[in-house]
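J.: Predicted model and sequence below, questions to follow.
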Amino acid sequence: MKADIDQNKYKRRKEAIIGNSHLLDLEVLVPDRTVRLLALGHLARNSAPSPDNQLVEPLTAINHLVVSTGGDMHQLMEAVRKIKEQNPQLKVIIADSLESPYFPVGTLNQSNKPAGVERIIPVSREMAEASRSLLHHQAGILTGPGGGLAGCVAFALANKIGIEATVAFTITNFNMNLLDQLLQ
């Protein structure tokens with residue numbers, strides 16, 4: 001059994017490359033599903049990536065992008081605006097904290113959400129922590145609270161979607177730097 005764990009620990013992950021971004025393919029979290037789940041963030045990369053684990057794709061390969069409200073909100077909204085210019089069919093979903101929301105549930109009506117945003121979904125602290133734990137224990141990814149928020153919504157979407165689609169979610173703050181990596 002220890003040999004199996006060691007082999008899995010050092011097995012290279014599949015990656016999708018969009019622009020200069022390396023998105024981790026988290027097929028381990030959506031087994032036997034037609035949906036593909038990709039993690040996007042400021043990732044450390046090996047100096048000699050294995051070409052057989054990579055798939056180069058256009059930005060339009062992503063159908064849904066889940067981002068959290070962590071970080072600079074002006075940069076987040078500017079990045080959302082610009083990514084929608086590049087891929088108008090992309091559905092951008094914002095995962096917001098239920099306990100300390102940027103977009104309070106009582107004051108926000110889904111019809112007056114920010115431009116370019118398909119939906120805003122509140123996530124409880126407990127659910128975000130459960131998502132962070134799942135990412136850590138099942139996929140070996142450490143992330144902060146924002147990654148937990150986005151991961152929670154992405155996991156629910158991937159479980160519910162029922163069609164062949166690609167759901168990407170951010171494990172770091174979505175800002176202009178991260179967007180620039182996607183667009184290069």
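T.: Structure received.
J.: so who does Gly71 touch?
T.: Gly146, Asn173, Phe174, Asn175 (Cβ atoms under 8 Å, 6 or more residues apart in numbering). (C-beta placed from N, C-alpha, C; glycine too.)
J.: Just the pLDDT at Leu43, thanks.
T.: With respect to pLDDT, Leu43 scores 57.
J.: how deep is the nearest residue to Gly151 once chain neighbours are set aside tucked in, by neighbour count?
T.: The shortest distance from Gly151 to any non-neighbouring residue, by Cβ to Cβ, 6 or more residues apart in numbering, is to Ser131 (3.9 Å). Look at Ser131: counted by other Cβ atoms under 10 Å, it has 25 neighbours.
J.: ok, and for the helix or strand containing Ser131, which residues are buried?
T.: Here Ser131 sits within helix 125-139, counting by DSSP states H and E. For helix 125-139, burial by neighbour count (16 or more other Cβ atoms under 10 Å) applies to Met127, Ala128, Ala130, Ser131, Arg132, Leu134, Leu135, Ala139.
J.: I'd say the third one and Leu149 touch.
T.: Spelled out, that is Ala130. No: in this structure, Ala130 is not within contact of Leu149 by Cβ atoms under 8 Å, at 11.3 Å.
J.: Glu129 and Leu179, how far apart?
T.: 27 Å (Cβ to Cβ, to the nearest Å).
J.: which residue packs closest to Ile161, ignoring adjacent ones?
T.: Closest to Ile161 by Cβ to Cβ, 6+ apart is Val35, at 5.0 Å.
J.: What's the separation between the one you found and Thr143?
T.: For Val35 relative to Thr143 (Cβ to Cβ), the value is 20 Å.
J.: And these two? Which one has more around it.
T.: Thr143 (23 against 20).
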